[in-house]
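Visitor: predicted model and sequence follow; I will ask about them next.
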Amino acid sequence: SAVTEVIAYVAGKRYQLHQVSYGASDPSLISSRVRYPLLFSTIPSEEFVNVGRLHLMEMFRWSRCGVIFSEDPVYARIAESFVDLADSLHNVNVAFYGGFSESPEFAVRQIYPLDVRIILGILTERQARSTLCQAKHHRDGRLTDSNHVWILPSYFNPDWWKLRESEIEKLPLKDRCSNEEMVAILSSTLFIDTLNYNKHGTAISNTEMVLSTFYDELLNKTFETFTSLQGDSLAPYLPHSRAAAAYDAVWALALAWDDAIPELFSDIDVCNFETNEEVQIGIKEVLNNSLRAVSFKGLSGTHRFNTSQDSEGQILISQFIGAARRPIGIFQQNEMDNGGNFQFIYLNTSNGLEMFYSNSVSSFHWEGRPDNTAPSDGVEVVFSVIPISSLCVAGSLILTSMLLATILLIVNIALRNKSYMKATSPKLNMVIIIGFIMIMPSSIALGLSFSRYAYEIPRAAANTVCQLHIWLTNIGCTSAFATLLMKNWRVHKIFHNSNLQRRRNISDNQLFLLIILLVVPMVTILTVWVVKDPLYSHERAFRKGTNLILNVTFCSSEHHNIWRGAYISYTSSIIVALVVFSFLNQRIASKFKSSRIAARFVEEGSSTARVTLVTIFIFAVLYAVVFASGNDPLQYTTVFWVDLCWSLLLPLLLLFVIYLPKFLSVKLERRETKRRQLEHQHFSRIRVAMNLSDTNLLERKLRIMSSDLVLCNSEAINDFYKSKPKKSELEP
């Protein structure tokens with residue numbers, strides 16, 4: 001290819017000469033029509049072979065591979081062509097892409113930790129032997145075990161891997177592998193190359209040259225002249241030789257000239273023919289059109305130059321079985337384009353290869369594999385231990401719990417003026433509810449930090465999710481339990497004895513100040529943690545067998561256990577103080593049985609303490625069992641579900657214990673108020689009725705009295721008139 005590159009450019013650009021190559025397969029030679037406009041080829045390019053490599057991978061459902069290549073320009077362009085095709089036309093992920101010029105040591109070291117199982121080597125014979133030998137000697141030799149597949153070119157020499165003992169001793173230490181070791185290393189290795197023969201290649205023009213006749217001539221004359229090998233020992237070399245392609249190249253030019261000469265010299269005296277630049281351009285165009293019109297079935301395949309100026313071909317797949325390279329089958333394609341339809345055909349006696357191979361096999365053989373199954377394309381990397389369905393279920397439970405807590409918060413505000421609710425400090429109850437609401441969504445942050453989404457979001461966002469879980473859990477717990485502690489402490493402080501003279505009221509504002517003082521140490525611990533030793537999202541891989549890796553993300557820091565111990569100890573001290581005051585209040589409850597509100601305070605405090613103790617004990621046992629089960633990816637899933645249950649169950653139980661008696665008391669209070677209203681209305685009616693009867697009686701008495709008075713007055717008037725003197729008597 002290197003020689004062809006120079007000649008094709010100079011001869012085509014400067015001298016307008018056509019070339020038909022029978023050995024150059026560099027993809028850039030055929031694809032660059034501007035640089036090499038007059039270059040044709042009777043063998044497929046390596047781009048065609050790369051398409052075959054990709055179809056071979058698709059046949060075995062391999063979608064992940066690595067590429068190690070020689071940094072020689074030709075090999076580098078072949079590797080680049082493979083990567084381009086894998087990215088654009090096939091669903092193949094090239095997980096490693098590395099080249100070398102002298103030693104493959106660095107490339108082997110780089111590909112080892114990636115656990116790539118399918119490795120394409122685009123290498124020379126010497127480099128391929130060195131790479132395989134170093135892969136065997138690197139660490140545990142895993143790169144050459146039965147779980148890995150190497151795909152190499154089908155080198156012309158079938159015994160390319162064999163060296164004499166004296167030659168092996170001269171190699172670097174890492175390249176020293178005996179021939180016996182190479183047999184074990186090469187076991188099940190695949191080889192791929194164009195098959196440079198055509199079973200149906202028959203007469204070209206008027207000749208009667210057929211494939212078997214041609215190779216008989218080649219065996220008896222050509223190879224006998226240049227090698228010391230004889231007879232059938234040459235057979236393995238022939239499918240990978242370019243002899244038939246060279247024969248077809250000569251015929252391609254002959255057929256093109258045969259078509260061009262009548263047009264070129266129909267009106268020209270050949271004897272007196274003179275050339276100039278204009279004539280040369282005309283000859284170039286006519287001959288170029290004639291070559292593009294060439295179409296024939298040659299000894300090396302079907303040749304048509306009308307589109308890509310390249311030839312169609314077949315791809316031979318071989319495998320190293322036993323101690324030899326043995327053909328398995330061929331890929332055939334009807335059209336030379338990347339979207340062509342490849343068909344894999346296993347070899348048998350009707351394929352025409354019996355003249356070359358007597359040891360062909362009818363199936364692939366995978367040494368050391370159970371049931372002769374092909375290796376996978378590497379480990380299956382699972383990035384999510386907690387699936388999206390689990391996160392959705394958890395999110396639904398969290399939203400439902402937060403909705404219930406929010407309803408309680410609204411009810412607490414709405415009923416804050418009720419006598420019993422007012423007596424139980426509704427402002428402090430609001431702090432408890434808000435603290436529990438902060439705890440509830442913390443588990444979803446933990447689930448996100450364990451899932452594959454930690455890979456997809458930016459690293460800063462993943463670290464923020466880690467911090468979010470810690471802050472929500474600890475600030476929520478500290479706020480809620482510190483408030484419960486202060487309420488129980490106030491009950492103990494006020495009612496620790498029955499002497500009313502020594503009782504002193506403690507307002508809610510004073511308790512708020514104490515609650516803030518209790519929350520500040522937790523905020524300090526978390527702040528120092530974030531500044532000095534922040535949490536980061538880390539990755540951990542768990543291998544399951546040979547074909548599966550569970551990749552888990554988790555949050556951790558350098559001194560994670562120390563900080564965890566600090567905040568757990570502080571929260572535990574608050575809970576212990578809550579339990580102590582609750583039980584102390586329970587012991588002195590008999591001293592103030594007459595105080596109904598105080599008794600309810602004591603009952604509420606003891607109930608929350610019991611629920612907290614039992615719940616924390618149960619979940620502490622669960623956490624201990626989970627962490628004692630070993631370092632396993634299932635542990636992360638279990639931790640998530642245990643944390644979810646804890647963050648929902650404990651707040652809901654405590655809210656139930658705190659608010660159920662309140663709601664019952666409010667209900668009883670409403671019932672009592674309604675009863676009193678009914679009694680008041682009843683007695684009001686009675687009083688009204690009594691007042692009405694008294695009024696009627698008085699009215700009747702007044703009527704009797706008024707009638708007697710009238711009677712009395714009329715008699716007195718009559719007596720007056722009767723005793724009145726006459727007028728005459730009054731006159732003087």
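Guide: Structure received. Residues are numbered from 1 along each chain as shown.
Visitor: pretty sure residue 56 is touching residue 149, no?
Guide: No: counting by Cβ atoms under 8 Å, residue 149 is not a contact partner of residue 56; they are 10.1 Å apart. Bear in mind the C-beta positions are built from the backbone N, C-alpha and C, glycine included.
Visitor: what's the overlap in contacts for the two?
Guide: Shared contacts of residue 56 and residue 149 (Cβ atoms under 8 Å, 6 or more residues apart in numbering): residue 190.
Visitor: all strands for the stretch 51-200 of the chain, in order.
Guide: Listed in chain order, the strands of the stretch 51-200 of the chain (DSSP state E, counting those that start in this stretch) span 64-70, 93-100, 118-122, 149-153, 190-195.
Visitor: repeat for the stretch 251-400 of the chain
Guide: Secondary structure of the stretch 251-400 of the chain (DSSP E, counting those that start in this stretch): strands at 295-297, 302-304, 314-321, 324-333, 342-346, 380-382.
Visitor: among those, which is the most enclosed?
Guide: strand 314-321 (a mean of 23; mean count of other Cβ atoms under 10 Å).
Visitor: sheet partners, orientation included, of that one?
Guide: Strand pairing for strand 314-321, determined by DSSP bridges: strand 190-195 (antiparallel), strand 324-333 (antiparallel).
Visitor: these: which one's closest to residue 531?
Guide: strand 190-195 (55.8 Å; Cβ to Cβ).
Visitor: save the strands paired with strand 314-321 as CSV, and put in mean pLDDT too.
Guide: Shown next, in CSV, are the strands paired with strand 314-321 (pLDDT from 0 to 100):
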stretch, mean pLDDT
strand 190-195, 87
strand 324-333, 80
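Visitor: about what we covered before: quick one: which of the strands of the stretch 251-400 of the chain is nearest residue 582?
Guide: For the strands of the stretch 251-400 of the chain, proximity to residue 582 was assessed by Cβ to Cβ; strand 380-382 is nearest, at 46.9 Å.
Visitor: identify the residue nearest residue 57 in space, chain neighbours excluded?
Guide: residue 92 (6.0 Å; Cβ to Cβ, 6 or more residues apart in numbering).
Visitor: the one you found contacts residue 61, correct?
Guide: No: taking contacts as Cβ under 8 Å, residue 92 lies outside contact range of residue 61: 10.8 Å.
Visitor: circling back: please convert the strands paired with strand 314-321 to JSON lines, extending it with distance to residue 247.
Guide: Shown next, in JSON lines, are those (distance: least, Cβ to Cβ, whole Å):
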{"stretch": "strand 190-195", "distance to residue 247": "15"}
{"stretch": "strand 324-333", "distance to residue 247": "21"}
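Visitor: returning to what we had before: which one of the strands of the stretch 251-400 of the chain lies closest to residue 23?
Guide: strand 302-304 (14.8 Å).
Visitor: secondary structure class for residue 15?
Guide: At residue 15 the chain is in coil, as set by DSSP: H, G, I helix; E, B strand; the rest coil.
Visitor: quick one on the thing from earlier: and of the strands paired with strand 314-321, who's closest to residue 9?
Guide: So among the strands paired with strand 314-321, strand 190-195 is nearest, using Cβ to Cβ, at 24.0 Å.
Visitor: ranking the strands of the stretch 51-200 of the chain by burial, who's on top?
Guide: Of all those, strand 118-122 carries the top mean neighbour count, a mean of 26, counting by mean count of other Cβ under 10 Å.
Visitor: quick revisit: out of the strands of the stretch 251-400 of the chain, nearest to residue 187?
Guide: Nearest to residue 187 among those is strand 314-321; the distance by Cβ to Cβ comes to 6.2 Å.
Visitor: what residues sit buried inside the helix or strand that contains residue 9?
Guide: Remark: residue 9 resides in helix 2-13, with elements defined by DSSP states H and E. Across helix 2-13, burial judged by 16 or more other Cβ atoms under 10 Å covers 4-5, 7-9, 11-12.
Visitor: for stretch 82-90, give me every contacting residue.
Guide: Residues outside stretch 82-90 that contact it (Cβ under 8 Å, 6+ apart): 47, 50-51, 53-54, 57-58, 65, 67, 92-94, 97, 120, 122, 338-339.
Visitor: sorry, back to before: any idea how far the residue nearest to residue 57 is from residue 120?
Guide: Applying Cβ to Cβ, to the nearest Å, the value for residue 92 to residue 120 is 10 Å.
Visitor: same check on residue 626?
Guide: Residue 626 is 43 Å from residue 120, by Cβ to Cβ.
Visitor: and if you look at residue 282?
Guide: Using Cβ to Cβ, we find residue 282 at a distance of 46 Å from residue 120.
Visitor: what do you get for residue 560?
Guide: Using Cβ to Cβ, residue 560 is found at 42 Å from residue 120.
Visitor: picking up where we left off before, between residue 92 and residue 120, which contacts overlap?
Guide: Both residue 92 and residue 120 are contacted by residue 65, under the criterion Cβ under 8 Å, 6+ apart.
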